[in-house]
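A.B. asks: Pasting the sequence and the predicted coordinates here, then a few questions.
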Amino acid sequence: MNLSSAFIKCSILIFIVCAGTSSAQGIEFPEDPYTYTWHELAPGIWSGVRDVSNLTPVMGTSTFVIGDQGVIVFDGGGAPIMSERLMAKIAALTDKPITHLVISHWHGDHMFGVFRIVEEFPGVQVIAHPFTRAAILGRPMDYLKMQPTFLDRYVPVINERLAKSEETGDTETYNPDIMEAYRYLIKHQDLLDSQFKTYNATLPTLTFENKLVIYSGSREVQLLHLGDANTEGDVIMWLPQDKIVATGDVIVLPTPYAFNTDPKKWSATLRAINDLGYSTLVPGHGAIQYDMNYLNLTIETLDSVAEQTDQFIAAGLSQEEAGEQLDFSAFDERFTGGDSYIDVYYQAYFTEPLRSSAYRAAMGEVMVKPERDPEPEKDATEDESD
């Protein structure tokens, strides 16, 4: 499954299949969908987190490090307004320029706005893994074409759901928190539309395979590719002096993202992150972590999925049969806490994608192919005139 079809499936699950028993939990939405909440992790090290991480549109966390010579940014904004707000935050703290911009992986919610940083700092070095650059150049980025019409396609669906919810008063079918999230989206429709219509992808100017170290005076910033996880080109930022790691979407809260992922490789990558000995973990979305509990829960779940899948394949089950039989019951409530609002995203982003990707990975299928298929050769006779 390519990213475009995964994105469509996810959107359908969230916008249409949102049934579930729940009483409203009283979600505190951010001022607007592109609002950062800023956290100073250590002197000169800041992370901006979009609260309610699973709110549509999802927007990645941004982290920056103020060095002696300049500022290193890790994931500079999934929308232009977020990149602009990031630059404003940096300017309020230092007059040093942004010298390095790291793209953790190719998904747009982490980089569709960073062209604004490049415009303001044309000398900035844009850094990523070679797979990320290939994906931006290749067919995975075709889904960028879908963004300008996103709201045109989904606002009518949302309005229909809201109307049926109000008409029936059926909170069993129409989760109150989901309905409230819909109203929030409609409230900010104009802002969202203005951003979706200006999204753009930025090409890295520097790539590395496994490790790149940036020294900015006394600051040491390690960029590491520890293995496949959310994508085949995930880069994390490790700050050994402060024991802070920013993971991009290798780790996401409150539920992981599992589109086109190999659970065995992903689990191994998470173990490598644990081996760093971090004290602070900044996920690609969601609350900053100060222990290894959530990461270990994700490892445990992925190991279970991989083990079950191997057993299903050995028993001769098809991909569809294996996917249907995958059992997440030992983990469901540990991720969702029994909250059906979170459960919608848990299923859409994590369990449902794994029901197909785990089998495909175990069978050796390439998860995401950056290259475009060659154009079929035209039959020479087609060019011949009568």
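C.D. replies: Great, that's in hand.

A.B. asks: and the gap between Ala314 and Ala358?
C.D. replies: Remark: distance between Ala314 and Ala358 (CB to CB, to the nearest Å) = 14 Å. C-beta here means a position set from N, CA and C on the backbone, and glycine is covered the same way.

A.B. asks: Which of those two has more residues huddled nearby?
C.D. replies: Ala358 (27 against 8; other CB atoms under 10 Å).

A.B. asks: Could you find the closest non-adjacent residue to the more buried one?
C.D. replies: Counting by CB to CB, 6 or more residues apart in numbering, Thr309 is the residue found nearest to Ala358 once chain neighbours are left out, at 4.4 Å.

A.B. asks: Doesn't that neighbour belong to a helix?
C.D. replies: Yes. Thr309 sits within a helix when classified using DSSP: H, G, I helix; E, B strand; the rest coil.

A.B. asks: quick one, what contacts it?
C.D. replies: Contacts for Thr309 (CB atoms under 8 Å, 6 or more residues apart in numbering) come out as Pro263, Ala322, Leu326, Ala358, Tyr359, Ala362.

A.B. asks: Surely the first one touches Ala306?
C.D. replies: I take that to be Pro263. Yes. Pro263 lies in contact with Ala306 (CB atoms under 8 Å); the separation is 4.4 Å.

A.B. asks: Mind listing the shared neighbours of those two?
C.D. replies: Joint contacts of Pro263 and Ala306 (CB under 8 Å, 6+ apart) are Ala358.

A.B. asks: Tell me which of the two has more neighbours.
C.D. replies: Higher neighbour count among Pro263 and Ala306: Pro263, with 25 against 20, using other CB under 10 Å.

A.B. asks: separation between the more buried one and Leu253?
C.D. replies: 18 Å.

A.B. asks: where's the residue sitting nearest the centre point of the chain relative to Val124, distance?
C.D. replies: The residue lying closest to the centre of the chain (CA atoms, centre = their mean) is Asp249, at 4.9 Å. Distance, Asp249 to Val124, by CB to CB: 22 Å.

A.B. asks: cool, Gly233 as well?
C.D. replies: Taking CB to CB, one finds Gly233 at 20 Å from Val124.

A.B. asks: neighbour count winner among these two?
C.D. replies: Gly233 (26 against 23).

A.B. asks: Is Thr35 in contact with Gly48, as I believe?
C.D. replies: No. When contacts are counted by CB under 8 Å, Thr35 is not listed as touching Gly48 (9.1 Å).

A.B. asks: residues shared between the contacts of those two?
C.D. replies: Common neighbours of Thr35 and Gly48 (CB under 8 Å, 6+ apart) are Arg85.

A.B. asks: For stretch 136-151, which outside residues touch it?
C.D. replies: 2-4, 7, 57, 106, 108, 112, 135, 189, 192-193, 196-197, 199-204, 368-373.

A.B. asks: Filter the residues you listed down to the buried ones.
C.D. replies: Neighbour-count burial (16 or more other CB atoms under 10 Å) applied to the contacts of stretch 136-151 gives 3-4, 7, 57, 106, 108, 112, 135, 192-193, 196, 199, 201-202, 204, 368, 370.

A.B. asks: Can you get me a residue count around Glu31?
C.D. replies: The burial count assigned to Glu31 is 9, neighbours taken as other CB under 10 Å.

A.B. asks: Dig out what the closest residue to Ile103 other than its chain neighbours forms beta bridges with.
C.D. replies: Distances taken as CB to CB, 6+ apart place Ala128 nearest to Ile103, at 4.2 Å, with adjacent residues excluded. Applying DSSP bridges to Ala128 gives these bridge partners: Thr207.

A.B. asks: can you count the residues close to Glu119?
C.D. replies: Count around Glu119 with other CB under 10 Å applied: 11.

A.B. asks: what distance separates the strand or helix carrying it from the centre of its chain?
C.D. replies: Using DSSP states H and E, Glu119 falls within helix 115-120. Taking CA atoms, centre = their mean, to the nearest Å, one finds the center of helix 115-120 at 21 Å from the center of the full chain.

A.B. asks: Packing partners of that helix?
C.D. replies: The contact analysis (3 or more CB pairs under 8 Å, 6 or more residues apart in numbering; DSSP states H and E) places helix 115-120 against helix 80-93, strand 98-102.
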